[in-house]
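**Q** below is the sequence, then the predicted model.
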Amino acid sequence: MKSCKKIIFHCIVLSSVSMSSMASAQTSPATSDVNEEIVVSADRRNSFSQDYLQAGAFRDAKIIDTPLTVSVLSRELLDAQQAASILDAARNTAGVTQSQLNATIYSNLSIRGIAVDNLTNYRFNGILPMINFIDMPIENKDRVEVLKGAAGLYYGFASPSGIVNLVSSRPTLDPVNRIDVSGNVHGAFGAHADIGRKWGDVGLRINAAASSIENGVEDTKGRRFFTSAAFDWEPVDGLLLQVDAEYIDKSVTEATELVLPAAVNGVITVPPLQKASKNLGSTWLLSEGYEYNLLARARYNMSADWSVSIGVGESYLKRDRRYSSFSGYDIVTGNGTLGVALTHGNDYRARIVRGDVAGVIETGPIKHNILIGVSHYERDSNIPAATRYTFSQNLYDPIEIPEQPTPARTITSISRVNEDAFFIFNRASLDDWLNLIIGYRKTEYKDRSLVSTYKASPDSWSYGALVKPMSWLSVYGNYIEGLESGGIVPQIATNAGEVLPAALSKQHEFGIKLEPKRGFLITGAYFDIDRASSYLNAANLYVQDGEANYKGFEFSASGELLPDLSLSVSGVRLDAEQKTGSASVIGNRIENTAKFSGSIFAEYRIEALDGLRASAGVFRVGRRASNAVNSAFVPGYTTFDLGLRYEKEMYGRPVSFRVYGENVTGKKYWAATGSSLIQQGLPRSVKFSVSTSF
């Protein structure tokens, strides 16, 4: 409490100094860069590319003006691929792979080879950290933003992989009445409704969807439901109030993971890929739970150049999990052991309060875009004891596993995180061609479990420079210090439930952005990230040991290359190496890191057939290590997608028909790996939908 009061006191003092400077300095008559929300809400529609960013300290700034690697996945791109999950969207971003689990339950991702923290790195409208242990709905989102690299200045303790920000669809001047009916060739079926209205200064957008889940894997079933509301109100000029709420409910069979066999002479033989529809588990091995996300925001423009904002939010998840893994098997005969772990009543609750003052001060020819803020974040995690069973099973000829009762809820691992912070950020610009950036964050951090308490009070800095010699070209460099929670050791480890210490990560990045034509953005960047390394060691202990380095080159291009051709291209060349630590891992490649990954997706409007669009995508992930000692690697893979979209007016209403095939060649591949676990990719699928507005 004392640290929180101290932080708030510092904020009041610095805010007073800034206000005093504002009064004595010459202020710009133009709207400041930090107050462009009205422009962002009118970002380009019907395009694969976007102009503005809403995440982080550069919120509502033009992407070409931000000295960071940023990917904005627009509603148009999401619709073209019939995206239904964060993975569906983020796979269009360079360096994104699945980590440990397949994406049936939720999108468990790595970016640039670094795991995206499911408790801190997924944000709701740029503020609320969502608990990402259940699939977040995409249908009610206007865009998905991926802010890559360390983000400690604005977001505090978070993995330096990047921030994934989900931006809600908001009420618009034009009424929205849309219904979608969708399904796939495996028998899934569902419907989605989107209704929006605006009455003067008040607006409301409501979404709801329900569907069955069928993914082509044997002995699986599932269902999904969500509803959400986005409320806007401008009671007086300059004051905007926004409330967002969503409720998610999902139950789905979790397919069995494979534990790699023991090494022979230091080498592990990866088992052969099976038929993609095969499942060693049973239908009753369900992961089921619900989550709600609530966020209220207020923003008041005190003048043309200064605004004050506050956000308050809560994310809560409760779930039961029935997890299975196959181990101890003979690759020749296929005989092995299926281990089942049942947990009941696992819950997480995250709360955040954030306030800031933003504005412009001019000192001679230099314009300072200032952001000063405080935040309070707390998270409670209650992890129940797992009841475990073992059964004989065969890799090649699986048998039915008898259902087991749900265990009682016995909490054995508790974590309470408190994080209070003060931050200040200045983007100084000279005639819009030179931008110098400096930011500072002071954090008071505490993580308590049943067996230990960890405290830290770090300072973190960020610096950067961006040169913009022409309106369509920018060159930048940055140094960012990130704060990263050590987290709780997962259940697969002997020391499960232990809280690992927090660590500081450091990132250097240099890049170039150019927009050779309106609506087509090209970016290239070199990055170098150092962070503490955590992995499952040979003694089955999950340890934080030594330092890992991630460096590479990244490229992306998105937008309308031609009037009838939309394109999204990305690629990364990555070198990820264990720099220090135990002798068994030094010099090794970091697990689940591909030296190359990338994607190409294009949609073409066929003029000869008015309303018809054809699309195609190629997605590549290279060879990856499955564990820290590099005794096993899973091979790389390439998948291909094809799609058609036909739009026509029927009975005076616009109607859109979509068919989209994923992995159309039926490629068998290992989709996820890490900690000596492997998970096979899903079978090929064809999705279809019909939508109309009225």
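**A** Structure received.
**Q** C-alpha only now, for contacts and for neighbours.
**A** Will do.
**Q** ok, and what's touching stretch 597-617?
**A** Stretch 597-617 has contacts (C-alpha atoms under 8 Å, 6 or more residues apart in numbering) with 80, 91-96, 564-573, 618-622, 640-648.
**Q** list only buried entries from these.
**A** 80, 91-96, 565-573, 618-622, 640-647 (16 or more other C-alpha atoms under 10 Å).
**Q** give me the subset of those lying in strands.
**A** Within the buried ones among the contacts of stretch 597-617, residues falling in strands by DSSP state E are 96, 565-573, 618-621, 640-647.
**Q** now do the buried residues in the lengthiest strand in the chain.
**A** For the chain, the longest strand by residue count, based on DSSP E, is strand 335-363. By 16+ other C-alpha under 10 Å, the buried positions in strand 335-363 come out as 335-362.
**Q** stretch 401-411 too?
**A** Buried residues in stretch 401-411, counted by 16+ other C-alpha under 10 Å: Ile401, Pro407, Thr410, Ile411.
**Q** tell me the SS of the residue nearest to the spatial centre of the chain?
**A** Taking C-alpha atoms, centre = their mean, the centroid of the chain lies closest to Val164, which sits 3.2 Å from it. When classified by DSSP: H, G, I helix; E, B strand; the rest coil, Val164 comes out as strand.
**Q** who does it bridge with?
**A** Taking DSSP bridges, one finds Tyr122, Val146 as the beta-bridge partners of Val164.
**Q** show me what contacts it?
**A** By C-alpha under 8 Å, 6+ apart, the neighbours of Val164 are Asn121, Tyr122, Arg123, Val144, Glu145, Val146, Leu147.
**Q** what's the closest non-adjacent residue to the first one?
**A** Counting by C-alpha to C-alpha, 6 or more residues apart in numbering, Ile163 is the residue found nearest to Asn121 once chain neighbours are left out, at 5.0 Å.
**Q** for Asp420, see how far away the one you found is.
**A** Going from Ile163 to Asp420 by C-alpha to C-alpha, to the nearest Å gives 19 Å.
**Q** about what we covered before: just checking, next helix/strand downstream of the longest strand of the chain?
**A** Scanning forward in sequence from strand 335-363 by DSSP states H and E, the next helix or strand is strand 366-384.
**Q** can you pull the buried residues of that following strand?
**A** Going by 16+ other C-alpha under 10 Å, strand 366-384 has these buried residues: 366-384.
**Q** pretty sure Phe688 sits against Val659.
**A** Yes - contact criterion C-alpha atoms under 8 Å: Phe688 and Val659 qualify, at 4.4 Å.
**Q** contacting residues for the residue nearest to Gly622 when sequence neighbours are not counted?
**A** Counting by C-alpha to C-alpha, 6+ apart, Gly636 is the residue found nearest to Gly622 once chain neighbours are left out, at 3.9 Å. Contacts for Gly636 were tallied using C-alpha under 8 Å, 6+ apart; they are Ala594, Arg620, Val621, Gly622, Arg623, Arg624, Tyr669.
**Q** now Ser599: how far from Ile63?
**A** 21 Å.
**Q** out of these two, which sits in the more crowded spot?
**A** More crowded of Ser599 and Ile63, by other C-alpha atoms under 10 Å: Ser599, with 24 against 21.
**Q** let me know the secondary structure of the more buried one.
**A** strand.
**Q** quick one: it from Glu554, how far?
**A** 12 Å.
**Q** shared neighbours, those two?
**A** With C-alpha under 8 Å, 6+ apart, Ser599 and Glu554 have common neighbours Ala94, Ser570, Gly571.
**Q** beta partners of Leu644?
**A** The partner residues for Leu644, given DSSP bridges, come to Ala614, Val659.
**Q** emit the ChimeraX select command for whichever of the contacts of Val164 are buried.
**A** Restricted to buried positions by 16+ other C-alpha under 10 Å, the ChimeraX selection for the contacts of Val164 reads:
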select :121,122,123,144,145,146,147
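**Q** and the contacts of Val164, which two are the farthest apart?
**A** Within those, two members stand farthest from each other by C-alpha to C-alpha: Asn121 and Val144, at 13.0 Å.
**Q** for the stretch 1-150 of the chain, what spans make up the strands?
**A** Under the criterion DSSP state E, counting those that start in this stretch, the stretch 1-150 of the chain contains strands at 52-53, 61-62, 70-74, 96-99, 109-111, 114-115, 122-124, 128-129, 141-148.
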